[in-house]
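Enquirer: Sequence unavailable; structure follows:
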């Protein structure tokens, strides 16, 4: 339920040194809603189409939250074009678990108030800026549940059914910038990744689920360091 505007501080900070392309996934922002398949695979096909349309040949695909699996799946679809994948507070072991299922069930029962409560209570730290937290919670509560809920169902299903094969199929390095708060393990990802390269896991302890918005200067510094590692490493196993 986010949009490309959530990357505004990164677009401005990185455009002098990189070609930056930001997009709204289907059902988000200004993209259309005229589809019935809200799966991770379908989102990744959209991202791959954009990469082909702009003829990007050394792409680093960066995805936040649900966008992390989308970025991984894109890397599997375009191994010759994707140089690296970076997930932002994503892919941790909460995905596809009964605890996640219970959270989705609460959203299904009473979407808008449950969304506000979940976002405000689970996605921010006690010291997070209240105006930012309240604004994101309110915005996400206005999402269309007929789209948002199938997206969440697809996310959990992808993690359990497709994640190991997708992660193993990406030849490029995969790295993470994780939010603070602790308890976010990547054990299932690491087991699936095996000996293939991980470009690092960097925790941004100063922020909750939206570090790119909460602490953009810190986030941009860590992102730039990870980009440097990925681009210096070359592609391959």
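Expert: Now that the structure is in, tell me what you want to look at. Remember, predicted model here, so these are calculated numbers, not experimental data. Numbering: from 1, shown residues only.

Enquirer: C-alpha only now, for contacts and for neighbours.
Expert: Will do.

Enquirer: Just the pLDDT at residue 67, thanks.
Expert: Note for residue 67: predicted pLDDT of 97.

Enquirer: Could you pull up the contacting residues of the nearest residue to residue 62 once chain neighbours are set aside?
Expert: The spatial neighbour of residue 62 that comes closest, neighbours along the chain excluded (CA to CA, 6 or more residues apart in numbering), is residue 86 at 4.7 Å. By CA atoms under 8 Å, 6 or more residues apart in numbering, residue 86 lies in contact with 60, 61, 62, 63, 68, 71, 174, 175, 176, 177.

Enquirer: three-state assignment of the last one?
Expert: When the structure is reduced to helix, strand and coil (DSSP: H, G, I helix; E, B strand; the rest coil), residue 177 reads as strand.

Enquirer: Report the beta-bridge partner residues of it.
Expert: Beta-bridge pairing of residue 177 under DSSP bridges involves residue 88, residue 202.

Enquirer: dump the residue contacts of it.
Expert: 86, 87, 88, 89, 201, 202, 203, 204, 222, 223.

Enquirer: Show me which residues of the helix or strand of the chain with the lowest mean pLDDT are buried.
Expert: Least confident helix or strand of the chain, by mean pLDDT, DSSP states H and E, is strand 198-204 with a mean of 93. The neighbour-count check on strand 198-204 (16 or more other CA atoms under 10 Å) flags 198, 199, 201, 202, 203, 204 as buried.

Enquirer: one step back: want to throw the contacts of residue 86 into TSV with distance to residue 38?
Expert: TSV is the format used below for the contacts of residue 86 (distance: CA to CA, whole Å):
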residue	distance to residue 38
60	23
61	20
62	19
63	16
68	15
71	15
174	24
175	25
176	24
177	25
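
Enquirer: ok, now how distant is the closest residue to residue 165 other than its chain neighbours from residue 163?
Expert: Counting by CA to CA, 6+ apart, residue 165 lies nearest to residue 192, which is 7.4 Å off, once chain neighbours are set aside. The gap separating residue 192 from residue 163 is 8 Å, by CA to CA, to the nearest Å.

Enquirer: returning to what we had before: tell me which entries of the contacts of residue 86 lie within strands.
Expert: Using DSSP state E, the subset of the contacts of residue 86 located in strands is 60, 61, 62, 63, 174, 175, 176, 177.
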